[in-house]
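Dropping the sequence and predicted coords here.
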Amino acid sequence: MPALPPIGRADAVALFRDQSRRAVLFTMLSVPAATALAVGKGALFVLAPSASLLGTVLFAVGVIALKVEIIRCHVVSRRAELRAAADGPTGPATSAVLHERTYRLTGIVLVALSLMFVVSFLPLVTGSAEQTRYDRWPAIILATVTFAEIGLAVHGVVSARRNRDPLAEAVKLTNLAAGFVLLTLAQSALISLEPVTDPGPAGPLSGVAFGSLPAAVGVSMLVRSRSRSRASSRTADDLTDERRVGA
């Protein structure tokens, strides 16, 4: 497999003008920060273990894995485009297939992560476990980490809001799904800072509600991908019919 050529000034300008490549670049830059935040939440889980926090940590790890897969898909498809310049016009079609496949995979994984997160909150809903109350400093650390991640998620959604490329859209919707889950964690941290506040069953139920939203995002991605696949099939059939008539 040929190596990618070095990036010059003109390539850098083209990179930032290309919304899809720019979205992937920002995703690459966000992975180390997201990894550090996930490690911090893992350390917090060791200090104050709970099923809901474990679900949050696993969700964060799953989101990081999705972003790495999106980056890998972009690199592979980019190499296919470079080969197409020398070998023939097969790169763009191959890239489109890879992008759509990764888009569908993202939807499936988001549904699975959402279900896992909801299950982690079920002990709180049924009353078989008590809602975790963090000490002051763990709560402050948790709130700080959570709001930092929410900021990253919002930035990702805004930066890709007008980009309809499947990979860029997968990044945007992954960030959106992560933001929904982070709202639950932020709520737990803020409640811990007010010991006299007792949310009752509203806390666990809101966790289930917010945790279900990523599944809705994942299902919408699968439906949209299926619609695009059907549209592509109809277009291919129409072109085939036109060629037959012309022949």
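Perfect, I can see it now.

how about low-confidence regions in the chain?
Within the chain, the segments meeting pLDDT under 70 span 1-19, 85-93, 128-134, 152, 156-157, 159-163, 192, 195-202, 233-247.

can you map out the helices along it?
Shown for the chain, the helices assigned by DSSP state H span residues 9-17, 19-47, 51-87, 91-126, 136-159, 166-192, 202-246.

Could you export the ones you listed as CSV, including mean neighbour count?
Using the backbone N, CA and C atoms, a C-beta is placed for each residue, glycine as well. Output for the helices of the chain, formatted as CSV (neighbours: other Cβ atoms under 10 Å):
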stretch, mean neighbour count
helix 9-17, 10
helix 19-47, 16
helix 51-87, 18
helix 91-126, 19
helix 136-159, 17
helix 166-192, 23
helix 202-246, 15
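
Need the residue closest to the centroid of the protein.
The residue lying closest to the centre of the chain (Cα atoms, centre = their mean) is residue 174, at 2.1 Å.

mind listing what the residue lying closest to it once chain neighbours are set aside touches?
Nearest non-adjacent residue to residue 174, counting by Cβ to Cβ, 6 or more residues apart in numbering: residue 66, 5.3 Å away. With contact taken as Cβ atoms under 8 Å, 6 or more residues apart in numbering, residue 66 is in contact with 106, 109-110, 170, 174.

roughly how far apart are residue 148 and residue 37?
If you measure residue 148 against residue 37 using Cβ to Cβ, to the nearest Å, the figure is 7 Å.

quick one on the thing from earlier: and of the contacts of residue 66, the nearest to residue 155?
Using Cβ to Cβ, residue 174 is the member of the contacts of residue 66 that lies nearest residue 155, at 12.9 Å.

quick one, what contacts the closest one?
The contact partners of residue 174, taken as Cβ under 8 Å, 6+ apart, are 63, 66-67, 70, 106, 110, 156.

One more pass at 10 Å, please.
When contacts are counted by Cβ atoms under 10 Å, 6 or more residues apart in numbering, residue 174 touches 27, 62-64, 66-67, 70, 106-107, 109-110, 113, 153, 156-157, 214, 217-218, 221.

Residue 213 now?
Residue 213 sits next to 110, 114, 176-177, 179-181, 183 when contact means Cβ under 10 Å, 6+ apart.

Now the common contact residues for residue 148 and residue 37.
Taking Cβ under 10 Å, 6+ apart as the criterion, residue 148 and residue 37 both touch residue 182.

Residue 37 contacts residue 149, doesn't it?
Yes. If you go by Cβ atoms under 10 Å, residue 37 and residue 149 touch, sitting 5.5 Å apart.

shared neighbours of these two, anything?
In contact with both residue 37 and residue 149: 60, 182, using Cβ under 10 Å, 6+ apart.

give me phi/psi at residue 50?
Dihedral pair for residue 50: phi -160, psi 150, per degrees, to the nearest 10.

ok, it touching residue 188?
Yes. Between residue 50 and residue 188 there is a contact at 8.8 Å, judged by Cβ under 10 Å.

which ones are touching residue 27?
Residue 27 makes contact with 34, 66-68, 70-71, 74, 156, 159-160, 167-168, 170-171, 174-175, according to Cβ under 10 Å, 6+ apart.
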